[in-house]
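**Student:** Okay, here's the prediction I keep looking at, along with the sequence it came from:
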Amino acid sequence: MRWLAGTHQFNFPRPVLLMGILNVTPDSFSDGGRYLDLEAAVRHGCELVEQGADLIDIGGESSRPFATPVPADEEKRRVLPVIRQLTERIAVPLSIDTQKTEVAEPALAAGASIINNIAANRMDPAMGRLVSESGAGYVAMHMQGTPQTMQINPHYTDIVDEVDRFFERQMDWCEGCGVRSEQVVLDVGIGFGKNLEHNLELLAGLKRFNRYQRPLLLGVSRKSFISGLLGVDPDHRLAGCLGATLWSVMAGIHLIRTHDVAETSQAVRMMEAILARQKT
């Protein structure tokens, strides 16, 4: 299995890819405001690579529940200088975490090679054309609703089945837009329009999505369902996050999106070393 992202190529099976999170926002749920300054953001991006990140995901608009939407011009003002400087400083691929084609396009021109689209459910034709024409990697994430509505009583009859059918529609839509299947990564969207039980059911059912023969990305980093299950405050979610992460590695996940690259890297590499020696 191969993933193409601009000039970058990843061939699987291979060690799990770690996607370091760089939020250039004042209001992200975990690290909002810490990296608004350009120098601080670029320094942190370089630190994430030193800690073991294989990719850096740069976002200029918070997608936490009920977050206030950010105009495209402001989002571009936040992310484009960071992308330009990181392109000169590090060799790993950069991902732009955005819902907007008008942000994704200049981000690719500035040096990004992946579009991480939490709003894949909108199936925006302009986004499809951009991904097709640019050859960028494309992360299609499942979300019920929008960040402003997604946590207002989310409901599913069978969440694993519904996410599965969403992925089917996404793959068909991408093909219709001229996007090669080799460009696509699938993300179940933990925490995006899901309650605690939904998140746990999706984690338990991850193996089902391997049938698409596309890389699967998981983002559980510091998310509130960990506090909901374990009763810990937001500053003490790392252990629960690592537990979910290691389960996902056993289930066959290919990419992990994380704030805590150093700790996640140690845990994942240890799990991979053990699994490589497992007797069948």
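**Tutor:** Alright, I've got the coordinates.

**Student:** CA only for contacts and neighbour counts going forward, please
**Tutor:** OK.

**Student:** mind listing the helices for the protein?
**Tutor:** Secondary structure of the chain by DSSP state H: the helices cover 38-51, 72-89, 101-110, 125-134, 159-176, 196-204, 224-230, 238-251, 261-276.

**Student:** Out of those helices, which is closest to F66?
**Tutor:** helix 224-230 (13.8 Å; C-alpha to C-alpha).

**Student:** Please name every helix or strand in contact with that closest one.
**Tutor:** helix 196-204, helix 238-251 (3 or more C-alpha pairs under 8 Å, 6 or more residues apart in numbering; DSSP states H and E).

**Student:** what comes up buried for that helix?
**Tutor:** S224, F225, I226, S227 (16 or more other C-alpha atoms under 10 Å).

**Student:** Touching, the second one and H198? I think so.
**Tutor:** No. Using C-alpha atoms under 8 Å, F225 and H198 do not qualify as a contacting pair, with a distance of 9.7 Å.

**Student:** on that earlier part again, now render the helices of the chain as a markdown table, adding mean pLDDT.
**Tutor:** Converted to a markdown table, the helices of the chain look like this (pLDDT from 0 to 100):
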| stretch | mean pLDDT |
| --- | --- |
| helix 38-51 | 95 |
| helix 72-89 | 96 |
| helix 101-110 | 98 |
| helix 125-134 | 97 |
| helix 159-176 | 97 |
| helix 196-204 | 97 |
| helix 224-230 | 95 |
| helix 238-251 | 97 |
| helix 261-276 | 97 |
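
**Student:** Please name whichever of these is nearest to R2.
**Tutor:** Using C-alpha to C-alpha, the nearest of these to R2 is helix 159-176, at 15.4 Å.

**Student:** re the thing from before, and the helices of the chain as a markdown table, adding distance to V188?
**Tutor:** Formatted as a markdown table, the helices of the chain follow (distance: least, C-alpha to C-alpha, whole Å):
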| stretch | distance to V188 |
| --- | --- |
| helix 38-51 | 24 |
| helix 72-89 | 25 |
| helix 101-110 | 21 |
| helix 125-134 | 19 |
| helix 159-176 | 7 |
| helix 196-204 | 7 |
| helix 224-230 | 15 |
| helix 238-251 | 12 |
| helix 261-276 | 19 |
